[in-house]
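Asks: sequence first, predicted model second:
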Amino acid sequence: MNSVLRSDEVIRRDRSSSLDALHQAHLRRQRKLRAQVLSVQMAILVLFFALWEVAGRLKWIDVLLFSYPSKVFAQIWKDAVSGELWGHLGVTVGETVVGFLLGTIVGTLLAVLIWWSPFLSKVLDPYMVVFNSMPKVALGPIFIVMFGAGFMAITITTLSITVIVTTLVVYNAFKEVDPNLVKVVRTFGGTRRQIFNQVILPASFPTIISTLKVNVGMAWVGVIVGEFLVAKIGLGYLIIYGFQVFNFTLVLASLIIIAVVATAMYQLVVYIERKLLAHRQ
Amino acid sequence: MEPVVELKNLTHVYVNDREASLAVEGLNLTVYPGEFISLVGPSGCGKTTILSMIAGLLHPTNGEVLVYGRKVGGPSPDVGYMLQQDYLFPWRTILQNAAIGLEVTGRLQRESMDHLTQLLDEMGLEGTGGLYPQQLSGGMRQRVALVRTLSTDPGLLLLDEPFSALDYQTKLQLEDLIAGTLREKNKTAILVTHDLSEAVAVSDRVILLGKNPGRIRRTFEVPGHIRETQPFYARKEEGFNELFHEIWREMETEED
């Protein structure tokens, strides 16, 4: 009897250890794959900068136009140490954050308004389509005249790019909420406001958050274009200025900074998204 | 005895851009307190339309719906509605999901929450209040939906194929649970179903509807001894198969 029990125990232990071994092997394979992907990614990056550096130094490419990495990073270092960079960076990031938050909020509020009144939605539909397909950047000069050459005009330019897209995407999300979820609240005699607060808004929340991701990119386009047009400060201004004095090292330095900061902002939004939607997965 | 539901010459027309089509015409039906009624019939016979009108989600084109003697003007917490699937909100916990009806009707108090927790326990869902719907099985989720429906203490329950999305075993268990719970709490119920054996097993009266337009073709009384037996065992009772086949044949004759 005792030996039978023990053998049962042994079988159970064997089984669990073999399952464990399979799981560990799977994890090892995953780790190896991740390491491979990462090393190829790094290799591409290093190769790209090395090739660029060599091509520049050996004059395979026009250095005036394309510069090369050590010059570009020296430029960034110099501006960072002298403190000149921070003002430009701060203004641009500020404009982007404001443009992207306001764009999302105003766009969502507009979507709420349209959802509330189906009549208004029908009336506004063609106007939204026209405005959405039009290159809003073309309105830049008008915004400059209206709001002066500065922060306000740039923010409005950014909003003109982000708001309508946000409205369309969020409104669509509102419409696509499963009508049966709405029915649940309706069967209890829920009002339109309760339907919105209890069902439509929380159900569309993931979409609203994911429009944030799109809007990060959009806001950068809006801000840089806005700065091209008017600014006396900001990364967009640095690009235009570098272009005018034919300092392409400055242009490329600004581009690299934009790439880094925009990526950081995007990752921040991804992080927030994961936190907020954690229990829905 | 004052009837719970009275349908008087009920007619409903669906209107869209292409046409106006008659879904239900001249329907008369009376349901008394504590009764369990099933509506069966081919697709397109207006079963769900009838249920929606009793719930106040749809307005009849003609005729009237009286619930507890009052004309139905819109949804009310006195009438509970259970849908084909649980439709629990994935962003709410089980307890919060069950409480949505109390929240909407502004009755979210301490006692009502305690009552809700007790209902969850009764349905074999103890300890799940803090979980999210995706952590529960289909049968458990539908039981949460039942608690949600019962939360406002409606006298009348409208069940719109609540078992159709479940696997067979779960469906049988849930039939017993729901039929038992409703009988014990002395609720009146109207069930819409495709499943004739389910209809015979759980109800007191089975109403066969015809289509184009929806109307009552025949009413079948379920014999007392089948009614009093739990749905699972009712299927083995004498007379069950005969009644099942009688309804089946009646339904077939129209299909031709």
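Replies: Thanks, I have the structure now.
Asks: point out the residues in chain A that sit beside chain B.
Replies: Within chain A, the positions near chain B by CB under 8 Å from any CB of the partner chain are A:178, A:180-181, A:183-190, A:194, A:198-199, A:202-203, A:205, A:279-280. For glycine as for every other residue, the C-beta is placed from the backbone atoms N, C-alpha and C.
Asks: buried subset of these?
Replies: Buried members of the residues of chain A next to chain B, scored by 16 or more other CB atoms under 10 Å in any protein chain shown, are A:181, A:183-190, A:194, A:198-199, A:202-203.
Asks: in strands, which of the residues of chain A next to chain B appear?
Replies: Applying DSSP state E to the residues of chain A next to chain B, no entry is found in strands.
Asks: could I get the full set of helices for the chain?
Replies: Looking at chain A here, since you left the chain open. A:2-57, A:63-66, A:69-82, A:84-116, A:118-133, A:140-147, A:151-175, A:179-187, A:192-195, A:201-230, A:235-244, A:248-276 (DSSP state H).
Asks: oops, wrong one, chain B.
Replies: Under DSSP H, chain B gives helices at B:47-55, B:94-98, B:100-104, B:110-122, B:138-150, B:168-184, B:196-202, B:224-227, B:231-234, B:240-255.
Asks: would you list those helices in TSV and tack on distance to residue A:250, mean neighbour count and mean pLDDT?
Replies: Shown next, in TSV, are these (distance: least, CB to CB, whole Å; neighbours: other CB atoms under 10 Å in any protein chain shown; pLDDT from 0 to 100):
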stretch	distance to residue A:250	mean neighbour count	mean pLDDT
helix B:47-55	68	23	92
helix B:94-98	56	22	94
helix B:100-104	59	23	93
helix B:110-122	64	15	88
helix B:138-150	60	23	93
helix B:168-184	68	17	89
helix B:196-202	77	24	91
helix B:224-227	88	16	86
helix B:231-234	80	18	87
helix B:240-255	81	14	86
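Asks: quick one: which of the ones you listed is nearest residue B:160?
Replies: Minimum separation from residue B:160 across the helices of chain B (CB to CB) falls at helix B:47-55, 5.5 Å.
Asks: how about the closest one as PDB, C-alpha atoms only?
Replies: Output of helix B:47-55 as PDB, limited to C-alpha atoms (Å, rounded to 0.1, in the frame of the first residue of the first chain):
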ATOM      1  CA  LYS B  47     -40.900  36.200 -31.200                       C
ATOM      2  CA  THR B  48     -38.300  38.700 -30.200                       C
ATOM      3  CA  THR B  49     -40.400  41.600 -31.500                       C
ATOM      4  CA  ILE B  50     -43.200  40.600 -29.100                       C
ATOM      5  CA  LEU B  51     -40.800  40.400 -26.300                       C
ATOM      6  CA  SER B  52     -39.300  43.800 -27.100                       C
ATOM      7  CA  MET B  53     -42.800  45.300 -27.100                       C
ATOM      8  CA  ILE B  54     -43.600  43.900 -23.700                       C
ATOM      9  CA  ALA B  55     -40.300  45.200 -22.500                       C
END
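Asks: can that helix be said to contact chain A?
Replies: Yes: on the criterion CB under 8 Å from any CB, helix B:47-55 is in touch with chain A at residue B:55.
Asks: residue contacts, the closest residue to chain B within the stretch 101-250 of chain A?
Replies: Residue of the stretch 101-250 of chain A nearest chain B, by CB to the nearest CB: residue A:187 (3.9 Å). Listed by CB atoms under 8 Å, 6 or more residues apart in numbering or on different chains, the contact partners of residue A:187 are B:55, B:57, B:75, B:79-81.
Asks: same thing but at 6 Å, please
Replies: Residue A:187 makes contact with B:55, B:75, B:81, according to CB atoms under 6 Å, 6 or more residues apart in numbering or on different chains.
Asks: give me the distance between the nearest residue to residue B:22 once chain neighbours are set aside and chain A.
Replies: Excluding the flanking residues, the one nearest residue B:22 by CB to CB, 6 or more residues apart in numbering or on different chains is residue B:213, at 4.0 Å. Applying CB to the nearest CB, to the nearest Å, one obtains 24 Å for the distance of residue B:213 from chain A.
Asks: now swap in residue B:241 and tell me
Replies: Taken as CB to the nearest CB, the span from residue B:241 to chain A is 35 Å.
Asks: same thing with residue B:212?
Replies: From residue B:212 to chain A the distance is 26 Å (CB to the nearest CB).
Asks: then residue B:75?
Replies: Distance from residue B:75 to chain A, counting by CB to the nearest CB: 4 Å.
Asks: do I have it right that that residue meets residue B:54?
Replies: No: Residue B:75 is beyond contact range of residue B:54, at 10.3 Å (criterion: CB atoms under 6 Å).
Asks: what's residue B:213 sitting at in phi/psi?
Replies: Phi and psi for residue B:213, reported as degrees, to the nearest 10, are phi -90, psi 170.
Asks: again, but for residue A:190
Replies: Torsion angles, degrees, to the nearest 10, at residue A:190: phi -60, psi 140.
Asks: any idea how many residues pack against residue B:89?
Replies: The tally of other residues near residue B:89 (other CB atoms under 10 Å in any protein chain shown) stands at 19.
Asks: swap in the one 3 residues further on?
Replies: Burial measure for residue B:92: 17 neighbouring residues, criterion other CB under 10 Å.
Asks: which residue is the nearest non-sequential neighbour of it?
Replies: Residue B:92 sits nearest to residue B:100 (CB to CB, 6+ apart), 7.3 Å away.
Asks: can you list the helices of chain A in TSV and add mean pLDDT?
Replies: Converted to TSV, the helices of chain A look like this (pLDDT from 0 to 100):
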stretch	mean pLDDT
helix A:2-57	89
helix A:63-66	87
helix A:69-82	92
helix A:84-116	92
helix A:118-133	89
helix A:140-147	86
helix A:151-175	90
helix A:179-187	94
helix A:192-195	94
helix A:201-230	88
helix A:235-244	91
helix A:248-276	91
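Asks: beta-bridge partners for the residue of chain B found nearest chain A, please?
Replies: Per CB to the nearest CB, the residue of chain B with the smallest distance to chain A is residue B:81, at 3.9 Å. Beta-bridge partners for residue B:81, by DSSP bridges, are residue B:158.
Asks: identify the residues contacting it.
Replies: A:187, B:55, B:158.
Asks: list just the nearest of the residues you listed to residue B:169.
Replies: Distance to residue B:169, by CB to CB, is smallest for residue B:158 among the contacts of residue B:81, at 25.1 Å.
Asks: that closest one contacts residue B:192, doesn't it?
Replies: No: with contact defined as CB under 6 Å, residue B:158 does not count as touching residue B:192 (7.9 Å).
Asks: what touches both of those two?
Replies: residue B:51.
Asks: higher neighbour count, these two?
Replies: residue B:158 (26 against 23).
Asks: find the centremost residue of chain B, please.
Replies: Chain B has residue B:159 as the residue nearest its centroid, 1.4 Å off, counting by CA atoms, centre = their mean.
Asks: excluding chain neighbours, what is closest to that one?
Replies: Nearest non-adjacent residue to residue B:159 (CB to CB, 6+ apart): residue B:191, at 4.3 Å.
Asks: many thanks, I have nothing further to ask.
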